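Engineer: Fold the following and give me the result.
(chains A and B)
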Amino acid sequence: MDIKKIFQINNDRSSYPEIGEDGKPIIDLSSHKYVKIWQGPQHPGVTGNMALELTLSGDEIVESKTHVGYLHRGFEKLMERRKFIQCFPTCVRLCVAEPDPNEYLLATCVEELSGIEVPETAQWLRMLVLEMSRLQVLLRGVPGQAGTFALGLGYQWGSYIRDLILDRFEELTGGRVYHMYILPGGVRGLLPDGFKKRLEENLKLADEFVKNINDLMFNNIVFKKRAKGLGYIPKDYIDRYGVYGPAARAAGVMRDIRKTHPYLKYAELDFEPYTTTESDVYARSVVRWHDLKMTIDLIRQIMAKMPEKGEIKAPTPNVMHWRIPKGETYVKCESSRGEYGMYMVTDGSDTPRRVNLKGPSYTHANALLEKLLINANIADTAGIMVSLATCPPEIER
Amino acid sequence: MQQIIQDIESRFTITDKETRRNDLCFLTVDKLQAISLVTYLRDYQGYASLTLLTAVDWIEEGNFQLTYLLNNPSTRTEIGVRTMIDRENATMESTHHLWENIQTYQRELKEMFGIDFPGSPRIDEDFILEGWDNIPPYRRDFDTKKYSEETYFPRPGRETNDPSTYMKSKLYPND
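Structural biologist: As a prediction, this is how the structure comes out:
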């Protein structure tokens, strides 16, 4: 008996989905040629609580729609009811994995609109915290890519060293995940005694991890076979779809705010972000691996160059009665995922009129991911998604 | 940056101008000129990258402010194009033909502020909220506190206990 006849399997998929007059595929679920499944919102292969509505032809994706909303708490709206200082506990939760850029951006918006100059020592300390934050993300983010192809060991190694970095955060700020160390005008404190020595010990372990992860991931035949050529982003997508950070650098386009729009003291550091042109999942992993190496180096440079003592906070008005003049601004910094910006409008009152966060995930997880998944194999969905480093909280805000 | 602004001023009617930094300035134009200015900046001045599109509710004046923030990667500068639209008839021309990623912003603005962009793909599909039947929640006249009090608390069947009395009753039920 011919099994193909029983199940009406047609191996030739070139004829469908048929393309309609409007240029879109005609997908008729009752034709039994397609099946619709949901990947997420609870699924090990999605980055956080978001869902992908996938229409499949066999194991090939013909249409993808991103659904968000599982984490929406209306942070931007809530901030409109709060005084500027009260916005900090809310804003750090805009991205759970990497909260420090949020507090940096909020503090910088407030400083810029009220004309406050941040002391030099505080700028170095801010830079140190931002790089430590990037390090703790990349320690899990780099091996996490291999995890999507069932190679989970590196993630375990990375989690151990990340925990040690979180110990340093706890020592410096009192919090492991949410720090609120950066405040308008400066930072909350100087480095504790012996902090640099303990951080250097952690960095030595991270050095070893960088070497091991290179052997584990980039010399692994399964990872190579599955990641090379997957999720290709053409160069002309960069501006059309809004591609930022490591994903843009993997396509040969230099997008790193630290280099293109140096903020804090980045102009005084010696670094060159890695770029390549292959623009597939493998290339994006390599770019992130180089970022990890560079971050470790940057932390060492900051520790060597930063002043030991000095003013850490500029004088500010009483934070509970602080009115900021009418105005608007947009500030940005480089997160581990790419350009991270905040748009703030003030109306002269003691609360912001509007705060709008712009994270790379907003475009990566919606327009770009929906496009890249078409014609991909369903087993590669997680790989493509993780390579874009999508973070649902910063989409829903 | 100054040269570009002068060039824009010679072509469009700029009603307000605010230079925030050397690499960031905001220009206000009439609703009818906004899309032409955005298109001109993208096609002729190298502002090819859309950083964001968002709205601000100026309820006192009866307007929504739409801000298109554009980035020029080669000159490393940003221009924010601001335009005011009527709050009662909140409609704006769609720009989905300029950037593929802008349709997400437009969908969000439709849902959160009630600003319509006719013709934008999937504009009527839910983005974040599902089955929302109240006024668009990011409008200033939507009271989050009142909504949560009416919707979530106190729920029928939900009891509030004083922690110390409750623990005592659990630990020492006979006292």
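
Engineer: Up against chain B, what does the stretch 201-350 of chain A have?
Structural biologist: Residues of the stretch 201-350 of chain A lying near chain B by CB under 8 Å from any CB of the partner chain: A:238-242, A:253, A:255, A:260-261, A:327-330, A:339, A:341, A:343, A:345. Bear in mind the C-beta positions are built from the backbone N, C-alpha and C, glycine included.

Engineer: What is the longest helix of the chain by residue count?
Structural biologist: Reading this off chain A. As assigned by DSSP state H, the longest helix anywhere in chain A is helix A:120-147.

Engineer: look at chain B instead
Structural biologist: The helix that spans the most residues within chain B, counting by DSSP H, is helix B:31-44.

Engineer: tell me which strands and helices it is in contact with?
Structural biologist: Counting contacts by 3 or more CB pairs under 8 Å, 6 or more residues apart in numbering or on different chains; DSSP states H and E, helix B:31-44 packs against helix B:2-11, strand B:63-72, strand B:77-86.

Engineer: Going by neighbour count, list what's buried in it.
Structural biologist: B:33-35, B:37-38, B:40-42 (16 or more other CB atoms under 10 Å in any protein chain shown).

Engineer: Ok, stretch A:102-116 next?
Structural biologist: By 16+ other CB under 10 Å, the buried positions in stretch A:102-116 come out as A:102-114, A:116.

Engineer: send the alpha carbons of stretch A:132-140 over as CSV?
Structural biologist: Taking Å, rounded to 0.1, in the frame of the first residue of the first chain, the C-alpha atoms of stretch A:132-140 are listed here in CSV:
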residue,chain,number,x,y,z
MET,A,132,29.7,44.2,34.0
SER,A,133,26.0,44.0,33.1
ARG,A,134,26.9,43.2,29.5
LEU,A,135,29.3,40.5,30.7
GLN,A,136,26.7,38.7,32.8
VAL,A,137,24.3,38.7,29.9
LEU,A,138,26.8,37.4,27.4
LEU,A,139,28.1,34.7,29.7
ARG,A,140,24.7,33.0,29.2
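
Engineer: can you list the residues of chain B near chain A?
Structural biologist: Proximity of chain B to chain A, by CB under 8 Å from any CB, involves residues B:18, B:20-21, B:23-24, B:26, B:48-52, B:54-57, B:65, B:67, B:69, B:73, B:76, B:78, B:80, B:99-101, B:103-104, B:126-130, B:137-138, B:140, B:142, B:144-145.

Engineer: Could I have the buried ones of those residues as ChimeraX selection syntax?
Structural biologist: Here is the ChimeraX command that picks out the buried ones among the residues of chain B next to chain A, judged by 16+ other CB under 10 Å:
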select /B:20,24,26,48,49,50,51,52,54,55,56,57,65,67,69,73,78,80,99,100,101,103,104,127,128,137,138,140,142
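
Engineer: what comes into contact with the helix or strand bottoming out on mean pLDDT in chain B?
Structural biologist: Every helix and strand in chain B was compared by mean pLDDT, DSSP states H and E; the lowest is helix B:144-152, with a mean of 84. Applying CB atoms under 8 Å, 6 or more residues apart in numbering or on different chains, the contact partners of helix B:144-152 are A:74, A:77-78, A:81, B:134, B:137.

Engineer: can you check stretch A:245-255 too?
Structural biologist: Contacts for stretch A:245-255 (CB under 8 Å, 6+ apart): A:233-235, A:237-238, A:243-244, A:256, A:260, A:273-280, A:283-284, A:286-288, A:291, A:334-339, A:360, A:364, A:387-389, B:73.

Engineer: Reformat the helices and strands packed on helix B:31-44 as JSON lines; add distance to B:L171 and mean pLDDT.
Structural biologist: As requested, those are exported to JSON lines (distance: least, CB to CB, whole Å; pLDDT from 0 to 100):
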{"stretch": "helix B:2-11", "distance to B:L171": "72", "mean pLDDT": "90"}
{"stretch": "strand B:63-72", "distance to B:L171": "57", "mean pLDDT": "95"}
{"stretch": "strand B:77-86", "distance to B:L171": "61", "mean pLDDT": "95"}
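
Engineer: Quickly compare those and say which is most buried.
Structural biologist: strand B:63-72 (a mean of 22; mean count of other CB atoms under 10 Å in any protein chain shown).

Engineer: Check for me that A:M320 belongs to a strand.
Structural biologist: No: A:M320 is assigned helix when assessed by DSSP: H, G, I helix; E, B strand; the rest coil, not a strand.

Engineer: Contacts for stretch A:50-70, please.
Structural biologist: Here stretch A:50-70 makes contact (CB under 8 Å, 6+ apart) with A:13, A:16-17, A:25, A:27, A:29, A:33-41, A:46, A:49, A:365-366, A:369-370, A:373-379, A:381, A:385, A:390, A:392, A:395-396, B:126-130.

Engineer: Mark which of those are buried, thanks.
Structural biologist: Buried members of the contacts of stretch A:50-70, scored by 16+ other CB under 10 Å, are A:16-17, A:27, A:33-34, A:39-41, A:46, A:49, A:365-366, A:369-370, A:373, A:376-378, A:381, A:385, A:390, A:392, A:395-396, B:127-128.

Engineer: can you tell me which two in the buried residues of helix B:31-44 are farthest apart?
Structural biologist: Greatest spatial distance among the buried residues of helix B:31-44 (CB to CB): B:Q33 and B:R42, at 14.6 Å.
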